[in-house]
Structures are given as C-alpha cells and as structure tokens.
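[1] Return a 3D structure for these sequence lines:
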Amino acid sequence: MKSPVHRCRDVEHGRAQGRAGARANCQQAEQRIPISKDVITSSAASAMWFIRDACGIVCALITWLLVLYADFVVLFVMLLPSKNLTYSIVNGTLFNILAFLALASHLRAMCTDPGAVPKGNATKEYIESLQLKPGQVVYKCPKCCSIKPDRAHHCSVCKRCIRKMDHHCPWVNNCVGENNQKYFVLFTMYIALVSLHSLVMVVFHFLYCFEDDWTKLQSATLRSECSSFSPPATVILLILLCFEGLLFLIFTSVMFGTQVHSICTDETGIERLKGETGRWGNLPYWEAMQAAFGGPPSLAWCSPFAQLSCKKSLSGHVPVPQGTIIEEDVIEIPLN
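    Model (predicted):
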C-alpha cells in the first residue's frame with residue numbers, strides 16, 4: 001500500500017476558500033509524504049471493530065435469519081424427503097458450503113476495520129511528526145477532528161473518516177472501505193450464488209411434485225412424498241423462498257457488478273457522486289484487483305478466511321502524539 005498523499009483540494013462544506021495561501025498551494029505539484037499506514041489507518045489495529053448502530057444490527061440479524069430460513073427450507077422441505085440420495089447429498093453439500101461462505105464473508109465485512117482514521121489526531125504534535133514540507137496544506141475533518149488523508153470521507157454512522165469509503169451498508173452494519181471491500185464483494189457473490197441455487201431447486205421441486213402429490217387431496221395424517229410438511233404449508237414455504245431468492249439474486253448481483261467495476265476503475269461510489277474522479281493516479285484495473293483482493297490471483301481471492309489472524313501484535317505501530325486539537329480546518333506548513 002502506498003503512503004498517503006496529501007493533495008490540495010477543496011475542503012468539504014466550502015471551508016477551502018479561507019486563505020489565499022491555501023489556494024496558491026492548490027496549484028503546486030503533488031507531494032508524497034511517507035507516513036506509517038498503522039498511524040493513518042487505525043489507532044488500535046488489533047481491536048475488534050463493531051459499529052453500535054441499532055438499524056445496522058437489526059439489518060445484519062435479518063440477513064442471517066434469511067440465510068438460515070433458506071437453509072431450513074432447502075434441507076427439510078426439498079432435500080431430506082427426496083428419494084434420490086445422490087441428488088440430496090450433492091445439492092445439500094453445495095448449498096451449505098455457499099451459505100457458510102456467505103455468512104463468513106458477512107462476518108468479516110462487519111467486523112473488519114474498513115480503514116478508519118484515528119480520531120483527534122489533528123494536533124500540532126502529530127502534524128510535526130509527519131515531517132511535512134513547507135508550503136504543504138493538510139485538512140482537518142471538523143466532525144471527528146482528524147487529519148484527513150486523500151480519498152477519505154467522513155461517515156455519519158461510523159462517526160469516523162474512512163479511507164476509500166465506497167458507502168455505508170446497513171446489511172453488514174459497516175462502511176465498505178479500503179480494508180473490507182474484498183469481504184463485501186465475496187458476500188454479495190456468495191449470496192447471489194445461494195439465491196440462484198435455491199431458485200433452481202425450487203423450480204425442479206415444483207415440476208417434480210406438482211402432479212404427483214399436490215393435485216391430490218390428502219388426509220391430515222398423510223404426508224407428501226416430496227415434503228415432510230402438508231402440501232399447503234410446503235407451497236407457502238417454497239413461494240416465500242422463491243420470492244426471497246429472486247429478490248436477493250437481483251440485488252446482490254447488481255451490487256457485485258458495481259463493486260467489481262469500482263475496483264477495476266479505482267473509483268469509489270462517493271467519489272463518483274461528488275465528482276472527485278480523476279484527482280489521483282488511477283491504478284490499472286489488474287493492479288487494482290490485486291490490491292483489493294490481497295495479491296496475485298489464487299483461491300485466496302474467494303476465501304473470506306485469507307489473512308485471518310488472531311494475533312494482537314502492534315509491530316510497526318507508531319503512537320499518535322497527544323496534544324490540543326488545532327482549530328483551523330485548513331492547516332498550512334510550517335505551523336504557527
């Protein structure tokens with residue numbers, strides 16, 4: 001990962017018009033300042049990341065419940081009552097593997113720091129530790145009082161500035177940013193595959209069982225050969241699963257395509273909305289894909305467990321010097 005680049009740009013909320021010196025510096029060439037990624041990305045790299053947002057927590061729980069409901073219908077309504085053992089084993093194994101990978105990707109996307117900038121690091125001591133050149137201009141976020149790296153945006157839900165923030169997703173109760181975009185892409189991909197697989201099985205189940213069982217009246221004690229439940233209950237469960245699968249197949253497929261396009265063009269959703277594209281050197285699409293997925297193409301690209309570590313090592317972490325927050329939102333070097 002390259003060191004952060006402090007470029008001259010307009011400050012959010014129209015604060016960049018304050019001083020003539022800052023406007024003059026905006027015409028100068030870019031200056032790249034080597035800063036430790038641990039300092040810029042997070043002040044507690046080993047801490048568990050979890051957003052305490054009621055709406056996001058509810059949406060995340062709904063996501064898990066919907067996946068578990070689909071798994072219940074697939075296993076107990078369609079596969080276990082089936083007389084074809086090979087069909088049941090193959091489809092049951094495949095469906096549960098995809099569902100497990102989808103939930104694992106969701107958990108990683110939710111509990112991974114998306115690239116949060118430490119709060120309250122807009123101090124004189126911290127800026128001096130960056131060893132910036134005279135004439136450099138840096139910007140402070142007025143909401144979280146942090147030095148704002150290039151391509152970072154403030155999230156009102158996370159209450160932090162997030163590097164390469166694409167959007168805040170309530171379904172994963174987290175921002176999609178520099179560090180967890182891969183897991184969000186995997187989550188949308190596996191949910192789309194699970195939805196497609198369930199829809200295919202529902203179609204085959206209806207075609208196989210419609211004439212054999214559901215057109216015949218049965219007593220309350222008689223069970224269908226195609227389901228452990230009564231025919232009316234089976235039809236309702238399958239229709240609900242069909243509706244759920246179709247809805248999420250469309251939604252996650254669109255999100256998956258949008259995220260892959262954003263990675264390949266090296267542009268986030270917020271940058272496109274704000275018209276901030278073209279203000280940096282975009283990576284070639286193949287390099288951008290490798291940067292997002294953590295290396296050259298391999299099976300690790302499809303694994304939400306890649307680079308998973310339980311260690312709490314802070315090797316290379318540089319503590320942020322403490323001090324009084326600077327009042328100005330546009331800070332020029334040298335400091336007064």
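[2] pLDDT below threshold where in the stretch 101-250 of the chain?
    210-225 (pLDDT under 70).
[3] what ranges do the strands span in it?
    Counting by DSSP state E, counting those that start in this stretch, the stretch 101-250 of the chain has strands at residues 137-139, 152-155, 160-163, 167-169, 174-176.
[4] Can you show me the helices along the stretch 101-250 of the chain?
    For the stretch 101-250 of the chain, the helices defined by DSSP state H, counting those that start in this stretch cover 124-129, 181-209, 231-265.
[5] Just name the most buried of the ones you listed.
    Sort the helices of the stretch 101-250 of the chain by mean neighbour count, taking mean count of other Cβ atoms under 10 Å, and helix 181-209 sits at the top with a mean of 22. In short, each C-beta sits where N, CA and C put it, glycine included.
[6] what is the orientation angle of that helix with helix 231-265?
    Between helix 181-209 and helix 231-265, the angle comes out at 150 degrees (axes from the mean of the first three to the mean of the last three Cα atoms, to 10 degrees).
[7] tell me the contacts of the residue lying closest to residue 205 once chain neighbours are set aside?
    Of all residues not flanking residue 205 in the chain, residue 78 sits nearest, at 5.0 Å (Cβ to Cβ, 6 or more residues apart in numbering). Residues near residue 78 by Cβ atoms under 8 Å, 6 or more residues apart in numbering: 201-202, 205, 226-227, 238.
[8] likewise residue 197?
    Residue 197 touches 91, 94-95, 98, counting by Cβ under 8 Å, 6+ apart.
[9] And residue 180, by the same measure?
    So residue 180 contacts 108-109, 112-115, 174 (Cβ under 8 Å, 6+ apart).
[10] before we move on, what about residue 306?
    So residue 306 contacts 294, 300 (Cβ under 8 Å, 6+ apart).
[11] how close does it sit to residue 171?
    Distance of residue 306 to residue 171, computed by Cβ to Cβ, to the nearest Å: 22 Å.
[12] just residue 130 next, same as before
    In terms of Cβ to Cβ, residue 130 sits 37 Å off from residue 171.
[13] Then residue 325?
    Applying Cβ to Cβ to residue 325 and residue 171 gives a distance of 34 Å.
[14] pretty sure residue 290 contacts residue 296?
    Yes - between residue 290 and residue 296 there is a contact under Cβ atoms under 8 Å: 6.1 Å.
[15] Please say which of the two ends up with more neighbours.
    residue 290 (16 against 10; other Cβ atoms under 10 Å).
[16] mind listing what that one touches?
    296-297.
[17] what about it, distance to residue 57?
    33 Å.
[18] Any buried residues in stretch 69-86, and which?
    Buried residues in stretch 69-86, counted by 16 or more other Cβ atoms under 10 Å: 70-71, 73-75, 77-79, 81-82.
[19] from those, which single one is nearest residue 136?
    residue 70 (53.5 Å; Cβ to Cβ).
[20] surely that closest one meets residue 246?
    No - counting by Cβ under 8 Å, residue 70 stays clear of residue 246, with 12.0 Å between them.
[21] joint contacts of those two?
    residue 195.
[22] Next, the buried residues of stretch 127-143.
    127, 129-130, 132, 136-142.
[23] now, the most widely separated pair of those residues?
    Counting by Cβ to Cβ, the most remote pair of those is 129 and 142, 21.8 Å apart.
[24] Look up the closest residue to residue 53, ignoring the ones flanking it.
    Closest residue to residue 53 apart from its sequence neighbours, by Cβ to Cβ, 6+ apart: residue 157 at 5.5 Å.
[25] residues near that neighbour, how many?
    Count around residue 157 with other Cβ under 10 Å applied: 15.
[26] which ones are touching it?
    Applying Cβ under 8 Å, 6+ apart, the residues near residue 157 are 51, 53, 56, 168, 175.
[27] Repeat the analysis, applying 10 Å as the threshold.
    51, 53, 55-56, 168-170, 173-175 (Cβ atoms under 10 Å, 6 or more residues apart in numbering).
[28] Check these for burial and list the buried ones.
    51, 53, 56, 168-170, 173-175.
[29] who has more neighbours, residue 325 and residue 171?
    residue 171 (20 against 13).
[30] wait, doesn't the more buried one sit right on residue 67?
    No - Residue 171 is beyond contact range of residue 67, at 11.5 Å (criterion: Cβ atoms under 10 Å).
[31] what's the overlap in contacts for these two?
    With Cβ under 10 Å, 6+ apart, residue 171 and residue 67 have common neighbours 106, 191.
[32] Roughly how far does the nearest residue to residue 112 once chain neighbours are set aside sit from residue 105?
    Leaving out its chain neighbours, the residue that sits closest to residue 112 by Cβ to Cβ, 6+ apart is residue 180, at 4.0 Å. From residue 180 over to residue 105 the distance is 10 Å, taken as Cβ to Cβ.
[33] Which residues are in contact with each of these two?
    Counting by Cβ under 10 Å, 6+ apart, the residues touching both residue 180 and residue 105 are 172, 187.
[34] sec struct for the residue nearest to residue 205, please.
    At residue 78 the chain is in helix, as set by DSSP: H, G, I helix; E, B strand; the rest coil.
[35] what bridges to residue 331?
    Counting by DSSP bridges, residue 331 is bridged to residue 138.
[36] re the thing from before, keep only those of the contacts of residue 197 that are in helices.
    91, 94-95, 98 (DSSP state H).
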